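[1] Dropping a prediction and its sequence here:
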Amino acid sequence: MPTIQQASEHPEPVSTIVTRTVPAAKAPEFDGLLHDVIAAARSFDGHLGVDVLRPDGGGDYQIVFRYRDRATEQAWMDSDLRHELVARIDTLLADHTTAASRTVEGWEGWFVTPGYAPPTPPRRWKMALITLCALYPMVLWLPKGLHGLTRGWPLPLAILLTMSMTITLMTWLVMPFLTTRLGPWLRR
């Protein structure tokens with residue numbers, strides 16, 4: 001497994017969003033190659049996860065690679081393995097599309113939605129305010145709502161369930177909703 005030293009004492013996570021337009025006829029083969037890319041990305045030190053937004057029957061794929069910090073993300077981006085896999089995808093999609101990618105650091109990844117990746121990230125105070133407004137109600141009410149289920153559980157396990165649900169809701173429901181609804185304010 002490739003490894004790399006951390007670049008700083010307090011690294012911020014980095015997300016790279018890749019968009020590929022895939023014709024419907026080539027979608028099954030593309031999915032196979034994408035599976036290989038994801039498996040390879042997972043083998044790199046500092047990998048935090050991959051999310052894929054797949055269109056039905058071809059169209060714009062959005063792939064989000066997350067890494068612990070800029071150095072580990074750059075190790076993946078510069079790797080011979082990644083270049084080899086991307087070359088296979090480029091050959092498959094030869095005349096149809098090129099990759100568009102964008103890299104964001106820290107919490108900024110929550111403020112990128114399909115079809116909108118700001119040229120500059122929102123101001124940090126705006127990101128902090130929206131994150132606080134989204135997290136506060138969940139941290140306040142989710143433990144109460146789960147109390148019937150988690151009563152009698154060891155505290156670390158109950159907290160793990162609550163945090164898992166909070167992060168899932170924040171990543172796939174709350175932050176995309178708020179980012180879309182508050183987009184004009186974020187861009188000012």
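    Yep, that arrived.
[2] In this protein, where is pLDDT below threshold?
    1-11, 95-121 (pLDDT under 70).
[3] Spatially central residue in the chain, please.
    The chain has V64 as the residue nearest its centroid, 4.3 Å off, counting by C-alpha atoms, centre = their mean.
[4] any idea whether it is helix, strand or coil?
    Following DSSP: H, G, I helix; E, B strand; the rest coil, V64 is assigned to strand.
[5] helix or strand for the residue located most distally from the centre of the chain, which one?
    What lies farthest from the middle of the chain is G152; by C-alpha atoms, centre = their mean that is 34.1 Å. Following DSSP states H and E, there is no helix or strand that holds G152.
[6] Can you show me the helices along this structure?
    27-42, 70-78, 80-92, 124-150, 155-169, 175-181, 183-187 (DSSP state H).
[7] Which residues belonging to the third one are considered buried?
    Put plainly, it is helix 80-92. Within helix 80-92, the residues that count as buried by 16 or more other C-beta atoms under 10 Å are R82, L85, V86, I89, L92. Any C-beta I mention is one placed from the backbone N, CA and C, and that applies to glycine too.
[8] got a list of contacts for that helix?
    By C-beta atoms under 8 Å, 6 or more residues apart in numbering, the residues outside helix 80-92 that reach it are 20, 26, 29-30, 33-34, 36-37, 40-41, 76, 98-99.
[9] For R54, state which of those is nearest.
    Using C-beta to C-beta, L34 comes nearest to R54 of the contacts of helix 80-92, at 8.8 Å.
[10] Now do the contacts for that closest one.
    V52, Y61, I63, I89.
[11] Mark which of these are buried, thanks.
    Y61, I63, I89.
[12] Distance to T179 for those - can I get that in a markdown table?
    Below are the buried ones among the contacts of L34 laid out as a markdown table (distance: C-beta to C-beta, whole Å):
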| residue | distance to T179 |
| --- | --- |
| Y61 | 20 |
| I63 | 19 |
| I89 | 28 |
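[13] Let me know the closest of the residues you listed to P176.
    I63 (16.1 Å).
[14] Look up how far M175 lies from the closest one.
    18 Å (C-beta to C-beta, to the nearest Å).
[15] and what of A40?
    28 Å.
[16] In terms of neighbours, single out the busier of these two.
    M175 (22 against 16; other C-beta atoms under 10 Å).
[17] Test my guess that that one contacts M138.
    No - if you go by C-beta atoms under 8 Å, M175 and M138 don't touch, sitting 11.3 Å apart.
[18] got any residues that touch both of those two?
    With C-beta under 8 Å, 6+ apart as the test, M175 and M138 reach no residue in common.
[19] what about the closest residue to A134 other than its chain neighbours, how many neighbours?
    Excluding the flanking residues, the one nearest A134 by C-beta to C-beta, 6 or more residues apart in numbering is V174, at 4.7 Å. As a burial measure, V174 scores 20 neighbours (other C-beta under 10 Å).
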